[in-house]
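Trainee: give the three-dimensional model of this entry:
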Amino acid sequence: MTIRSFLAFDLGASSGRAILGTIANNRLSLTEIHRFENQMVELNGSYFWNIFSLFGELKTGLKKCIQDFGVQPESIGVDTWGVDIALLDRNGMIVGLPYAYRDLRTNNAMEEVFKVVPKKELYLMTGIQLMQFNTLFQLHAYKRDQSPLLEITKDILFMPDALCYLFSGIKKNEFSIASTSQFLRPGKREYENKLFEAIGVDINLMQDIVFPGTILGPIKADVQKETGSTAIPVVAVAAHDTASAIASVPATGRNWAYISSGTWSLMGIESDHPLISEKIQKLNFTNEGGVEGTTRFLKNIMGLWLLQECRRTWSSTENYSWPQMVDMSLNAEPFKCLIDPDAREFLNPGDMPTAIAEFCKKTGQPIPENHGEVIRTIFESLAFKYRYTLEAIRSVSTIAIEKIHIIGGGANNELLCQYAANATNLTVYAGPTEATAIGNIMMQAKALGAVESLDAIRKMVSESFATTVFNPEDASKWELHYQRFKSYIVD
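Mentor: Next up is the predicted model:
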């Protein structure tokens, strides 16, 4: 029996993991090798990622895989969140810590750029959802603030590309992660030079774009020595975590929508081509790169970040577990308070429960009276935002959406999955929870010839991991309160 092993490094905004994928008898199994915390670092009022600490954790994961688990993987791959970048000087050194996308320096960046490139024109040029932290607006902020770091920058790499560079010494920008930047022409492996000219940044700072499944090169000798690894290849997987996750959706055909549920909820459909029009621009959907030439037509929805931040705020007095928080919400009054999860005040308020209370007060609603009511407000509001987004997708796409696949960590939240089914009146299929790591692993496997295609990947995932089915309940009651929810949407 042939056994193939691949090591995925999957980094999220709150944690990172090294996950070993083993393929045997056309089945994939997973082993968690290493898990570590990740969080923004606040320095002088700004927020950053400690990329050097993250790289150290990835090397620890590779070392543990080999020494503690006795497995030398055939390759490694890295996926992370989108948009954030590392700056390199002429000696190839990363200068400073990469800014985190929730840093407040981009608060007015979109409006500033719109004065040079009108909002409508910018969207139609890129097909990307206009969000203040997109790479375009981050680079504008560097230029606007006359950053000395930008002045000595010779190369720009997105976060997963920078980590692959630290492993291999190869500088490339992977397609799916580059597509989150608002710099690419829709569906193409090409940067739009007009946008670089508009913000006064040299396009030559960017790297050649490679498609998911490209072998970059072997890990460097110093990393081999430190970890005990052989000269295995570093693979540019679908480096945007959502792209990896969508590659692992255990579905056939196209009659489905997905929700990649975690810190963010990324909801959309898979398309053969970008969907761009004036109507879509007003709806502010994004067209990001997928695998095998597909486009991820989706909307970024503020996800479990809302709950994570409430838990962090409460942690000084209460140490709630996630199951406790679900149970607390069940004892709260249904539909008492509703919020727009994507209101700007929820991006990084510092005190999320207070921000939620202020939103309720501003919109003429009762204020949540206890922690359980806050939690229920979040769950019900997220489910309603899924319904709102589903209606928008249906208004611009001919794909008949008959079911929803929820993947990622949020698939473990049975209550939210049930609420999603109730609010959308569609059957929800939840799982796999490790979708991003699975997609990462399977793109490595494809690069090294262990699997042939996206269809074959999804077939293997379907046969390797179970899903949980949630059918709609109380549809009429949810429909009634949905009409009220729509009045709180902040466009």
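Trainee: mind telling me what element residue 235 is part of?
Mentor: strand 233-236 (DSSP states H and E).
Trainee: which positions in the helix or strand just after that strand come out as buried?
Mentor: Scanning forward in sequence from strand 233-236 by DSSP H and E, the next helix or strand is helix 241-247. Residues of helix 241-247 classed as buried: 241, 242, 243, 244, 245, 246, 247 (neighbour count, 16 or more other CB atoms under 10 Å). Backbone N, C-alpha and C define where each C-beta goes, glycine included.
Trainee: give me the sheet partners of the strand holding residue 235 and which way each runs.
Mentor: Strand 233-236 sits in its sheet next to strand 76-79 (parallel), strand 214-218 (antiparallel), going by DSSP bridges.
Trainee: need the contact partners of it.
Mentor: Strand 233-236 is contacted from outside by 74-78, 161, 164, 167-168, 170, 172, 174, 210-219, 443-444, 447-448, using CB atoms under 8 Å, 6 or more residues apart in numbering.
Trainee: buried subset of those residues?
Mentor: Looks like the contacts of strand 233-236 have 74-78, 161, 164, 167-168, 170, 172, 174, 210-216, 218-219, 443-444, 447-448 buried, using 16+ other CB under 10 Å.
Trainee: quick one: residue 296 and residue 243 touch, right?
Mentor: Yes: counting by CB atoms under 8 Å, residue 296 does reach residue 243; the two are 6.4 Å apart.
Trainee: pLDDT score for residue 491?
Mentor: Note on residue 491: pLDDT of 73.
Trainee: what's the spacing between it and residue 337?
Mentor: Here residue 491 is placed at a distance of 20 Å from residue 337 (CB to CB, to the nearest Å).
Trainee: same question, residue 95
Mentor: Distance from residue 95 to residue 337, by CB to CB: 45 Å.
Trainee: likewise residue 249?
Mentor: In terms of CB to CB, residue 249 sits 33 Å off from residue 337.
Trainee: kindly report the same for residue 145.
Mentor: 38 Å.
Trainee: could you check which of the two has the larger neighbour count?
Mentor: residue 337 (25 against 11; other CB atoms under 10 Å).
Trainee: got the phi and psi for that one?
Mentor: Backbone torsions of residue 337, given as degrees, to the nearest 10, read phi -130, psi 140.
Trainee: repeat that for residue 268.
Mentor: Dihedral angles (degrees, to the nearest 10) for residue 268: phi -180, psi -160.
Trainee: surely residue 360 is in a strand?
Mentor: No: the assignment for residue 360 by DSSP: H, G, I helix; E, B strand; the rest coil gives helix, which leaves it out of any strand.
Trainee: my guess is residue 441 contacts residue 5. True?
Mentor: No: judged on CB under 8 Å, residue 441 makes no contact with residue 5 at a distance of 9.2 Å.
Trainee: what does the domain assignment say about the protein?
Mentor: By the record's domain assignment, the chain is partitioned as 4-241, 249-431+452-491 (automatic domain parsing).
Trainee: out of those, which is closest to residue 437?
Mentor: domain 4-241 (4.0 Å; CB to CB).
Trainee: end to end, how far does that closest one reach?
Mentor: 22 Å (CA to CA, to the nearest Å).
Trainee: report the distance from it to the chain centre.
Mentor: Remark: domain 4-241 is offset 12 Å from the chain centroid, using CA atoms, centre = their mean, to the nearest Å.
Trainee: in what helix or strand does residue 21 lie?
Mentor: strand 15-24.
Trainee: partner strands of that strand and their direction?
Mentor: strand 4-11 (antiparallel), strand 27-37 (antiparallel).
Trainee: and the strands paired with strand 233-236 as JSON lines, adding distance to residue 362?
Mentor: Compiled in JSON lines, those are given as follows (distance: least, CB to CB, whole Å):
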{"stretch": "strand 76-79", "distance to residue 362": "37"}
{"stretch": "strand 214-218", "distance to residue 362": "48"}
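Trainee: so how far is residue 86 from residue 95?
Mentor: For residue 95, the distance to residue 86 (CB to CB) stands at 8 Å.
Trainee: could you check how far residue 56 is from residue 36?
Mentor: 9 Å.
Trainee: if you could redo that for residue 149, that was the one I meant.
Mentor: Distance from residue 149 to residue 36, by CB to CB: 27 Å.
Trainee: same question for residue 381.
Mentor: 31 Å.
Trainee: those two - which one has more neighbours?
Mentor: Each of residue 381 and residue 36 has its neighbours counted (other CB under 10 Å); residue 381 has more, 25 against 16.
Trainee: surely the more buried one and residue 339 touch.
Mentor: Yes: Residue 381 lies in contact with residue 339 (CB under 8 Å); the separation is 4.8 Å.
Trainee: what's next to stretch 347-367, contact-wise?
Mentor: 47, 102, 104, 132, 302, 306, 309-310, 312-314, 336-340, 343, 345-346, 368, 371, 374, 377-378, 487-488.
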